[in-house]
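Enquirer: Give me coordinates for this.
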Amino acid sequence: MTERISAREAIALVTDSFAELPCPEAEFPPDGPLSWKGYGDSRARAAARTGEQESVVCGTATFGTASFGTTIDGRAPLGPVTAVLVAFEFGFLGGSLGERTGDRLETAYDYARTHRLPVVSLVATGGSRMQEGMLALTQLQRVARQSALTREAGLAQVAVLRDPTTGGGWATLGAGADVTLALPGAQVAFAGSRVRPPDADPAAYTAEAQLAAGSVDALVPKDGLREALALWLDLLTRPAAGPAPVPAALGGTTDLPATGWEAVQRARDAERPRAEAYLDAYFTRRAAIGGDRCGGTDDGVLCGFGRARDGRTVAYAAQRGTPTRPAGYRTAARLVRMAGRLGIPVLTLVDTPGAANDAAAERQGAGAAIADLFAAVATARTPITTLVIGEGGSGGALALAAPGNTWATPDSYFSVIAPESAAAILKRPAGEVRATADQLRVRPQDLLDLGVIRGISPHRPGG
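Expert: Numbering: from 1, shown residues only. As a prediction, the model looks like this:
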């Protein structure tokens, strides 16, 4: 369990300035809408103990200003970002959601859309307030609608999960955010601690478990939250104009391969530059998203947002040379759709021998995941630029490629199938694999002649 701090302490921890929004004042019976005996007294005690009148504090805040000296990867942010901030006070009836909580949240989201501001939620809640019955539970629908409207408006939502984040607060503001960060050790689960099966594994109800399951993007310690939020808001609110520029090739040679088999061998060379090298050269700083929000992660696909060298944000999805798993395709699709909503162009780096084809991948829905990524790329709202930096293995690679804006490096290839597999299917002896590679026309110059790629990336001087 992580250290619990109040809403005001959490606000002071991550912001440079904060101005509370006016709170709506609806009529409220002394013991609430259900006339729950003693509810009014409980509210009064909670107010006296916390200094708050409700379980959530809402206002506008600035992040990333130079006044507190925060730097990002050794560089100052481009400038302060103003956002609407929602902070839960767990000390007020367990941070539970009631009608008045819903009033405040709706006001905050409406203000964000009116003023075109992103939303940051510092969540710490035990769920819906039972003293208000179904009227409390229906606040989840209300909050979900406000979040959806804000998403449709193209405004970013970032959530920080404090301890605990359970029930409807997790299932709306937490899991429903574009980017979800969590404090290490925090309880994060739909089921609260008092309603779980008696034999349940407590480790399954933690931020660490949600990270492993692909439902949280990153664990951030308390002393790193200010910098992390400054970085994310800096990235998500300053999109680049037009398509992402094509990265320069980083390989050690500018010569094109003489044969198809040479192209394959170059792409499989262990010394060839990989995705990390390209991302480091392309971005001055970046932040990763993690997980497909369906229970899976794939370390073989890097997804996130970065500050390009022209100072604007580009989203990226990059394969790392391994067979791509269903969770990798779903995470990439999530990235493409999020970037589209926020008006951010996308860069994809293709490098995979193909989609993972083991039994586990099939059980995890490989075909459906690849189909979903094809659909996300085909309907992308913002331009996608693709560079093939190594192996382009069949549909598992093509799913990440931009139609009409795919480029290749001199040490890459793209093929309908691996030459070895093609020879096996055609019942050719192993000695004919090299000739089969030539027949498949997999070299960068072949792909250009065929119109499959738009061009061969120029070599970076000294790269």
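
Enquirer: Only C-alpha atoms from now on, for both contacts and neighbour counts.
Expert: OK.

Enquirer: Quickly find the element holding residue 181.
Expert: Element membership of residue 181 [criterion: DSSP states H and E] is strand 179-182.

Enquirer: So which elements touch whichever helix or strand comes after that strand?
Expert: Downstream of strand 179-182, the next assigned helix or strand under DSSP H and E is strand 188-189. Using 3 or more C-alpha pairs under 8 Å, 6 or more residues apart in numbering; DSSP states H and E, the elements in contact with strand 188-189 are strand 157-166, helix 207-212.

Enquirer: make it 7 Å
Expert: Under the contact definition 3 or more C-alpha pairs under 7 Å, 6 or more residues apart in numbering; DSSP states H and E, strand 188-189 sits against strand 157-166.

Enquirer: would residue 47 count as being in a strand?
Expert: No: per DSSP: H, G, I helix; E, B strand; the rest coil, residue 47 lies outside any strand segment and is helix.

Enquirer: Strands of the stretch 301-450 of the chain, start to end?
Expert: In the stretch 301-450 of the chain, the strands defined using DSSP state E, counting those that start in this stretch lie at 301-308, 313-319, 346-352, 384-393, 406-408, 413-415.

Enquirer: can you redo those as TSV with mean pLDDT?
Expert: Shown next, in TSV, are these (pLDDT from 0 to 100):
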stretch	mean pLDDT
strand 301-308	97
strand 313-319	98
strand 346-352	98
strand 384-393	97
strand 406-408	97
strand 413-415	96
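
Enquirer: Mind putting those into CSV with distance to residue 56 and mean neighbour count?
Expert: Putting the strands of the stretch 301-450 of the chain into CSV (distance: least, C-alpha to C-alpha, whole Å; neighbours: other C-alpha atoms under 10 Å) gives the following:
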stretch, distance to residue 56, mean neighbour count
strand 301-308, 30, 25
strand 313-319, 32, 29
strand 346-352, 36, 29
strand 384-393, 39, 29
strand 406-408, 47, 27
strand 413-415, 53, 29
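
Enquirer: could I get the ones you listed as CSV with distance to residue 372?
Expert: Formatted as CSV, the strands of the stretch 301-450 of the chain follow (distance: least, C-alpha to C-alpha, whole Å):
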stretch, distance to residue 372
strand 301-308, 16
strand 313-319, 15
strand 346-352, 16
strand 384-393, 16
strand 406-408, 19
strand 413-415, 21
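
Enquirer: for these, which one sits closest to residue 197?
Expert: strand 301-308 (35.3 Å; C-alpha to C-alpha).

Enquirer: quick one, what contacts residue 410?
Expert: 254, 255, 256, 444, 456 (C-alpha atoms under 7 Å, 6 or more residues apart in numbering).

Enquirer: And the helix or strand bottoming out on mean pLDDT in the chain, what's buried?
Expert: The weakest-scoring helix or strand in the chain, judged by mean pLDDT, DSSP states H and E, is helix 419-425 (a mean of 90). Across helix 419-425, burial judged by 16 or more other C-alpha atoms under 10 Å covers 419, 420, 422, 423.

Enquirer: so how many other residues sit close to the residue nearest to the first one when sequence neighbours are not counted?
Expert: Okay, so that is residue 419. Once flanking residues are discounted, residue 419 sits nearest to residue 437: 5.1 Å by C-alpha to C-alpha, 6 or more residues apart in numbering. Neighbour count of residue 437, defined by other C-alpha atoms under 10 Å: 24.

Enquirer: distance of residue 163 from residue 212?
Expert: 18 Å (C-alpha to C-alpha, to the nearest Å).

Enquirer: Would you state the helices of the stretch 351-463 of the chain in chain order?
Expert: Assigned by DSSP state H, counting those that start in this stretch, the stretch 351-463 of the chain shows helices spanning 359-363, 366-378, 394-398, 419-425, 433-440, 444-450.

Enquirer: can you pull the contacts of the closest residue to residue 301 other than its chain neighbours?
Expert: Spatial nearest neighbour of residue 301, chain neighbours left out: residue 319 (4.5 Å); criterion: C-alpha to C-alpha, 6+ apart. Contacts for residue 319 (C-alpha under 7 Å, 6+ apart) come out as 275, 300, 301, 302, 349, 350, 351, 352.

Enquirer: from memory the first one sits against residue 321, does it?
Expert: No: contact criterion C-alpha atoms under 7 Å: residue 275 and residue 321 do not qualify, at 8.2 Å.

Enquirer: Find the residue at the geometric middle of this structure.
Expert: Closest residue to the average C-alpha location of the chain: residue 289 at 3.4 Å, with C-alpha atoms, centre = their mean.

Enquirer: Okay, now the unreliable bits of the protein?
Expert: 1, 65-78, 459-463 (pLDDT under 70).

Enquirer: rewinding a little: what's the strand holding residue 181 in contact with?
Expert: 157-162, 174, 207, 216-220, 289.

Enquirer: Same question for stretch 283-292.
Expert: Contact partners of stretch 283-292, identified using C-alpha under 7 Å, 6+ apart, comprise 73, 179, 214-217, 297, 303-309, 327, 330-331, 334.

Enquirer: thinking again about what came up before, show me which of residue 163 and residue 212 is the more surrounded one.
Expert: For residue 163 versus residue 212, neighbours defined as other C-alpha under 10 Å are more numerous around residue 163 (24 against 17).

Enquirer: and the more buried one, what does it touch?
Expert: Contacts of residue 163 by C-alpha under 7 Å, 6+ apart are 2, 4, 124, 186, 187.

Enquirer: same thing but at 6 Å, please
Expert: When contacts are counted by C-alpha atoms under 6 Å, 6 or more residues apart in numbering, residue 163 touches 124, 186, 187.
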